[in-house]
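# Provide a 3D model corresponding to the input given below.
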Amino acid sequence: MAALTVNTRPVEFRMDPQTPLLWALRDAANLTGTKYGCGVGDCGACTVLVDGEATRSCLMSLAEAEGRVVTTIEGLSADRSHPVQQALVAEQAIQCGFCTPGIVMAAAALLARNADPSDADIKGAITNLCRCGVYPRLIRAIQRAGRVARGMEALTAAPVSGITSAAAHRTVPALTPNKETDR
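Coordinates of the predicted model:
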């Protein structure tokens, strides 16, 4: 059993400790914003924050995640108000959306340690692959998110989610604790 904190909540995964964190998040915790792309850490679709650092969840086992703090795209901002999310929408730096959660998480980690990144800083930190080719807009979006984070610009580009957490629990039964089995 691996005990860790996921999106500010303590969680115990009753799974093989060698299970990749990616599959524990997606299959056991129903946090499907973290995507499976390549399975070898190259694409970045599975990027989450582990203790604040961008981490490829397909490469980290539950045993390695034991006792750590994990943040997924669902836990970054419940109302899509994070500067990176807002700036990606404002700069039209997303298209199909498959790679977007991983890019958002990598960008959030970058801005947490450097709110005024250069083009080179961004290219070094955001190694995620995007088959839509949004890279020039992505650089502008991350720099804009940095300005928002530094208080130099205000931005509200993305609408709030159309569903509340409570409604999600009613809509997605897997998110609702089972009183019979969770004793």
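# how about the contacts made by A45?
A45 makes contacts with T34, K35, Y36, G37, C38, F98, C99, P101, G102, N128, L129, as judged by CB atoms under 8 Å, 6 or more residues apart in numbering. Yep, even glycine has a C-beta here, placed from its N, CA and C like the rest.
# residues in contact with the residue most central in space within the chain?
Among the residues of the chain, the one closest to the centroid is I73, at 2.9 Å (CA atoms, centre = their mean). By CB under 8 Å, 6+ apart, the contact set of I73 is G33, T34, V48, P101, V104, M105.
# now the residues you listed in TSV, with secondary structure and neighbour count?
Output for the contacts of I73, formatted as TSV (DSSP: H, G, I helix; E, B strand; the rest coil; neighbours: other CB atoms under 10 Å):
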residue	secondary structure	neighbour count
G33	coil	17
T34	coil	25
V48	strand	31
P101	helix	25
V104	helix	26
M105	helix	27
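# can you tell me which of these is nearest V6?
The closest of the contacts of I73 to V6 turns out to be V48 (CB to CB; 9.0 Å).
# confidence score at the closest one?
pLDDT for V48: 98.
# flag the shaky bits of this protein, pLDDT-wise.
The model of the chain has pLDDT under 70 over residues 158-183.
# repeat that for 90
Regions of the chain meeting the criterion pLDDT under 90 cover residues 1, 78-81, 94-97, 131-134, 155-183.
# returning to that earlier point: which one of the contacts of A45 has the most neighbours?
Neighbours here mean other CB atoms under 10 Å. Within those, the largest count is held by G102, at 27 neighbours.
# residue ranges of the strands in the chain, please?
In the chain, the strands defined using DSSP state E lie at 2-6, 9-13, 47-50, 53-56, 69-71.
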